[in-house]
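Asks: let's see this in three dimensions:
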Amino acid sequence: MPKVNPFKPNSPAPTGMFAGRYDEILALEKGLFQAKHNQPSNFMITGDRGIGKSSLLLYLKHLSSGAVDSLEHGSFDFVSISIPVSDKLDILTLIKLSERHISRELSKVETIRSFLSETWSFVQRLRIMDSGISATEQDSEVELQLDNFAYSLAETCKRVISPERGEKKKDGILFLFDECDNATTTLRLGYFFKTVTEALQRYDCKNVMFVIAGLPDTPEKLCKSHESSVRIFSHMKIFELSTTDRKYVVDKGIEEGNRINAEKTSITTVARDYISTLSEGYPHFIQQFAYSAFDHSSDDEISIEDVLDAAFKPGGAIDAIGSRYYETAFYDKIKSDEYRQVLSIMAEKMNSWITKAEIRAKFSGDESTLSNALQALKTRKIILKNSAKTGEYRLQQRGFALWIKIFGDRQKGRK
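Replies: Next up is the predicted model:
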């Protein structure tokens with residue numbers, strides 16, 4: 001009988017399968033508690049792809065709205081606004097998008113609809129800048145609209161925390177911005193946060209909290225539009241899950257599957273251990289390896305054979321992870337076969353450190369090409385350089401090395 005696969009490799013982890021991050025969750029709930037009591041703080045969450053940033057934001061959204069209780073501070077009831085940042089977004093569109101999300105959340109309340117319409121009426125008059133407007137005029141326009149935005153946000157927040165016509169009282173407004181590493185220069189994201197947070201202070205609004213997430217280069221993206229913008233955030237770097245938490249995720253998935261499927265599924269200890277090891281502690285990878293093993297199993301027990309077969313076959317877990325995380329780095333960000341050869345040589349040592357001399361001994365190109373390759377790969381954040389030892393490099397993840405060794409030559413002729 002077919003079974004519903006409970007693992008979700010293509011979306012943030014459901015709250016019920018969320019594991020680990022105790023210290024991070026505690027810090028974020030303290031931030032909510034502070035914002036609820038007129039002492040707002042903001043957070044910037046950074047980490048590698050697949051490390052669980054989006055899952056943490058999803059958990060925070062549920063926490064802020066009262067869907068789950070906090071660890072130490074009871075329940076919250078914030079208006080939560082989630083906005084993914086894309087490379088198509090500019091600063092004025094961001095203002096419009098923010099207003100749209102706020103309206104969707106609050107216009108369900110009949111008595112607040114007219115208030116929203118009047119308070120945010122300036123959004124309807126926003127105009128997108130064109131090449132015929134001077135840089136000075138553009139800056140003035142943006143300044144004006146950001147001030148309008150901050151004022152309207154402040155007035156809205158004051159209304160929801162102190163209802164005038166019997167609406168349910170809220171604790172404040174929480175903004176969750178994901179994928180902030182996609183920010184372009186036209187978005188001016190650091191400038192946006194710096195200007196808006198300072199304006200909220202001027203308008204005596206103390207119950208708005210901003211939480212942003214992105215890859216490790218997110219601080220650099222913010223600094224490009226305002227050097228001091230990162231100072232308004234408490235920087236939270238997240239890393240791999242512990243072995244215990246990895247196994248917890250697998251067990252919770254099996255438990256969820258047994259809740260919704262008539263036929264129960266079990267998993268051997270060795271199989272669970274291998275999923276933990278192969279995943280390297282990346283929550284998304286745990287979901288993918290577990291999903292593939294669950295799907296591959298032909299009986300009611302997931303064995304080590306199921307895990308390994310499902311992981312290494314074409315179209316299996318490693319292949320799926322590679323298509324989502326590694327192919328772009330290996331093909332689209334690298335236009336030279338010689339540069340790819342450097343990665344293939346490095347992959348022989350998985351993600352252990354390898355010296356330039358070791359790479360040179362197997363490299364078919366000349367010294368200049370090798371030096372250029374290592375510099376380019378480091379600049380594009382595809383490899384890491386050992387800051388403690390000169391001339392050593394490594395791949396960031398064992399999974400990347402495995403994918404290169406198994407599938408790296410599959411599209412050798414790709415252009």
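Asks: which other helices and strands contact the longest helix belonging to the chain?
Replies: Scanning the chain for the longest helix, with DSSP state H as the assignment, gives helix 135-161. Where contact means 3 or more Cβ pairs under 8 Å, 6 or more residues apart in numbering; DSSP states H and E, helix 135-161 is packed against helix 91-106, helix 110-119, strand 173-178, helix 189-202, strand 208-214. All C-beta atoms are positioned from the backbone trio N, CA, C, and that covers glycine.
Asks: one more time with 7 Å
Replies: Counting contacts by 3 or more Cβ pairs under 7 Å, 6 or more residues apart in numbering; DSSP states H and E, helix 135-161 packs against helix 91-106, helix 110-119, helix 189-202.
Asks: residues near the residue lying closest to residue 151 once chain neighbours are set aside, how many?
Replies: Spatially, and ignoring its direct neighbours in sequence, residue 151 is nearest to residue 203 (5.8 Å; Cβ to Cβ, 6 or more residues apart in numbering). Number of residues near residue 203 (other Cβ atoms under 10 Å) recorded here: 16.
Asks: just the one 10 residues further on next, same as before
Replies: Residue 213 is flanked by 26 other residues according to other Cβ under 10 Å.
Asks: surely residue 339 touches residue 376?
Replies: Yes: in this structure residue 339 lies within contact range of residue 376 using Cβ atoms under 7 Å: 6.4 Å.
Asks: quick one: the strands in the chain, in order.
Replies: 42-46, 79-84, 173-178, 208-214, 233-237, 266-267, 301-302, 354-355, 383-385, 392-395 (DSSP state E).
Asks: so what's the gap between the first one and the chain middle?
Replies: Between the mean C-alpha location of strand 42-46 and the chain-wide mean there is a distance of 11 Å, by Cα atoms, centre = their mean, to the nearest Å.
Asks: quick one: which of the helices and strands packed on helix 135-161 is nearest residue 211?
Replies: With Cβ to Cβ, the closest approach to residue 211 among the helices and strands packed on helix 135-161 belongs to helix 189-202: 11.0 Å.
Asks: just the residues contacting stretch 339-355, thanks.
Replies: By Cβ atoms under 7 Å, 6 or more residues apart in numbering, the surrounding residues in contact with stretch 339-355 are 330, 334, 359, 362-364, 370, 373-374, 376-377, 383, 386, 391-398, 401, 404-405, 408.
Asks: now do stretch 398-410
Replies: Around stretch 398-410, the neighbours that count as contacts under Cβ under 7 Å, 6+ apart are 280, 285, 312, 318-319, 321-322, 326, 330, 343-344, 347, 350-351, 395.
Asks: now for these: which two are most distant?
Replies: Pairwise distances across the contacts of stretch 398-410 (Cβ to Cβ) peak at 21.5 Å, for the pair 285 and 344.
Asks: wait, isn't residue 62 in contact with residue 15?
Replies: Yes: using Cβ under 7 Å as the test, residue 62 is close enough to residue 15 to be in contact (5.0 Å).
Asks: and for those two, which residues touch both?
Replies: Each of residue 68 lies in contact with both residue 62 and residue 15 under the rule Cβ under 7 Å, 6+ apart.
Asks: burial of residue 90, as a residue count?
Replies: With neighbours defined by other Cβ under 10 Å, the count for residue 90 comes to 16.
Asks: that one reaches residue 185, doesn't it?
Replies: No: using Cβ under 7 Å, residue 90 is not in contact with residue 185; the gap is 9.4 Å.
Asks: what ranges in the protein fall below the confidence cut-off?
Replies: Within the chain, the ranges that satisfy pLDDT under 70 run 16-17, 127-138, 410-415.
Asks: could you rerun that using 50?
Replies: 413-415 (pLDDT under 50).
Asks: can I see the domain layout of it?
Replies: Per the record's domain assignment (automatic domain parsing), the chain is made up of the domains 21-237, 243-313, 335-407.
Asks: tell me who's in contact with the closest residue to residue 294 other than its chain neighbours.
Replies: Counting by Cβ to Cβ, 6+ apart, residue 294 lies nearest to residue 5, which is 5.2 Å off, once chain neighbours are set aside. With contact taken as Cβ under 7 Å, 6+ apart, residue 5 is in contact with 291, 294-295.
Asks: what about residue 41, neighbour count?
Replies: As a burial measure, the neighbour count of residue 41 was computed by other Cβ under 10 Å and equals 18.
Asks: that one against residue 34, yeah?
Replies: Yes: because the distance of 5.3 Å satisfies Cβ under 7 Å, residue 41 is recorded as touching residue 34.
Asks: before we move on, the earlier item: could you check which of residue 339 and residue 376 is surrounded by more residues?
Replies: Between residue 339 and residue 376, residue 339 has the larger neighbour count (other Cβ under 10 Å), namely 21 against 17.
Asks: number of residues surrounding residue 107?
Replies: Counted with other Cβ under 10 Å, the burial measure for residue 107 works out to 14 neighbours.
Asks: please apply the same query to residue 202.
Replies: When neighbours are counted by other Cβ under 10 Å, residue 202 comes out with 11.
Asks: buried stuff in stretch 21-35?
Replies: 21, 24-25, 28-29, 31-35 (16 or more other Cβ atoms under 10 Å).
Asks: look up how far residue 116 lies from residue 180.
Replies: Shown here: residue 180 relative to residue 116, a distance of 26 Å by Cβ to Cβ, to the nearest Å.
Asks: those two: which is more packed in?
Replies: When residue 180 and residue 116 are compared for neighbours, residue 180 comes out ahead with 26 against 20, by other Cβ under 10 Å.
Asks: ok, now which ones touch the more buried one?
Replies: For residue 180, the contacting residues are 85, 189, 212-214, 218, 221, by Cβ under 7 Å, 6+ apart.
Asks: please repeat the previous calculation with a cut-off of 10 Å.
Replies: Going by Cβ atoms under 10 Å, 6 or more residues apart in numbering, residue 180 touches 44-46, 53, 83-85, 187, 189-190, 193, 212-215, 217-219, 221-222.
Asks: please name the nearest non-neighbouring residue to it.
Replies: Distances taken as Cβ to Cβ, 6+ apart place residue 214 nearest to residue 180, at 3.7 Å, with adjacent residues excluded.
Asks: how close does that neighbour get to residue 229?
Replies: For residue 214, the distance to residue 229 (Cβ to Cβ) stands at 13 Å.
Asks: ditto for residue 387
Replies: Separation of residue 387 from residue 229 (Cβ to Cβ) stands at 26 Å.
Asks: the two: who's more crowded?
Replies: Between residue 387 and residue 229, residue 229 has the larger neighbour count (other Cβ under 10 Å), namely 23 against 7.
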